[in-house]
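Trainee: Requesting a structural model of the entry that follows:
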Amino acid sequence: MQGTIARRGLMLVLSSPSGAGKSTLSRRLLQSDPQVAMSVSVTTRAKRPNEVEGKDYFFVTRERFESMVKDDAFLEHATVFNHLYGTPKAAVDEILADGRDVLFDIDWQGAQQLSQKAKDDLVRVFILPPSRAELERRLSERAQDSAEVVAARMAQADNEISRWSEYDYVIINDDVAKAESQLKAIVAAERLNRQRQTGLVDFVRTLLRK
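Mentor: Coordinates of the predicted model:
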């Protein structure tokens, strides 16, 4: 009977230092839960060989991105490693209007901006690596970044990790299966939030009728 009660979609933010596993956890959640849709960001960085336009990112020029900022087309936007990233409003609104949840793979800057615009709908989860050595190992083994880029990401990790207390939940990703289970538990609990279940008042009224 629970599935018949209308609810408001949630905006699920996953953040972490690069290499901590948020992309893997995002992919697993999307594959296992049809009620979750990925928010596809707009970016000015170059497309990697394995990435698909419109699925991984929308790739645009810096000029186009800046024009979208002027048009207030983003829910949030930020600069990361000299590249611009932003979340388009229209696509997110469309998913929420369809009664589904939206997953955001964004950094702490984006999470802060979202919290100012959609605090009641936001659920923020921060992913931590089990150790600094493991984080560096994961970055090195990805084989898609140079040694210089890996070093830059490690230097940036301290600033990113220091933002952990701004999030509602924290998951230490020492085992991806366990971290996935914890993430699913968070989503399940947040969907049952009394205020998020917009159809609950009417449902309870039917129980109280004599």
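Trainee: End to end on stretch 128-147, go ahead and measure it.
Mentor: Stretch 128-147 stretches 22 Å from its first residue to its last (C-alpha to C-alpha, to the nearest Å).
Trainee: Let's test this: mean pLDDT of it, rounded?
Mentor: Summarised as a single mean, pLDDT over stretch 128-147 is 79.
Trainee: can you list contacts of it?
Mentor: 16-21, 48, 150, 153-154, 157, 161, 164, 170-174 (C-beta atoms under 8 Å, 6 or more residues apart in numbering). Yep, even glycine has a C-beta here, placed from its N, CA and C like the rest.
Trainee: Tell me the buried residues within these.
Mentor: Among these, those scoring as buried are 16-21, 150, 153-154, 157, 161, 171, 173 (criterion: 16 or more other C-beta atoms under 10 Å).
Trainee: how about the residues you listed in a markdown table, adding secondary structure?
Mentor: Shown next, in a markdown table, are the buried ones among the contacts of stretch 128-147 (DSSP: H, G, I helix; E, B strand; the rest coil):
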| residue | secondary structure |
| --- | --- |
| Ser16 | coil |
| Pro17 | coil |
| Ser18 | coil |
| Gly19 | coil |
| Ala20 | coil |
| Gly21 | coil |
| Val150 | helix |
| Arg153 | helix |
| Met154 | helix |
| Ala157 | helix |
| Ile161 | helix |
| Ile171 | strand |
| Asn173 | coil |
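Trainee: nearest to Thr4, of the residues you listed?
Mentor: Closest to Thr4 out of the buried ones among the contacts of stretch 128-147 is Ile171 (30.8 Å), distances taken as C-beta to C-beta.
Trainee: Go ahead and name everything in contact with stretch 67-82.
Mentor: Contacts for stretch 67-82 (C-beta under 8 Å, 6+ apart): 42, 45, 60, 65, 84-90, 92, 106-107, 109-114, 117-118, 149, 152-153, 156.
Trainee: buried subset of those?
Mentor: Applying 16+ other C-beta under 10 Å to those flags 42, 60, 65, 84-89, 92, 106-107, 109-111, 113-114, 118, 153 as buried.
Trainee: element containing the residue nearest the centre of the chain, please.
Mentor: Nearest residue to the geometric centre of the chain (C-alpha atoms, centre = their mean): Phe104, 2.3 Å. Using DSSP states H and E, Phe104 falls within strand 101-105.
Trainee: and that strand, which strands flank it?
Mentor: When pairs are called by DSSP bridges, strand 101-105 turns out to pair with strand 11-15 (parallel), strand 36-38 (parallel).
Trainee: which stretches of the protein form helices?
Mentor: Ranges of helices within the chain are 22-32, 62-70, 89-97, 108-117, 132-141, 147-161, 176-191, 200-208, based on DSSP state H.
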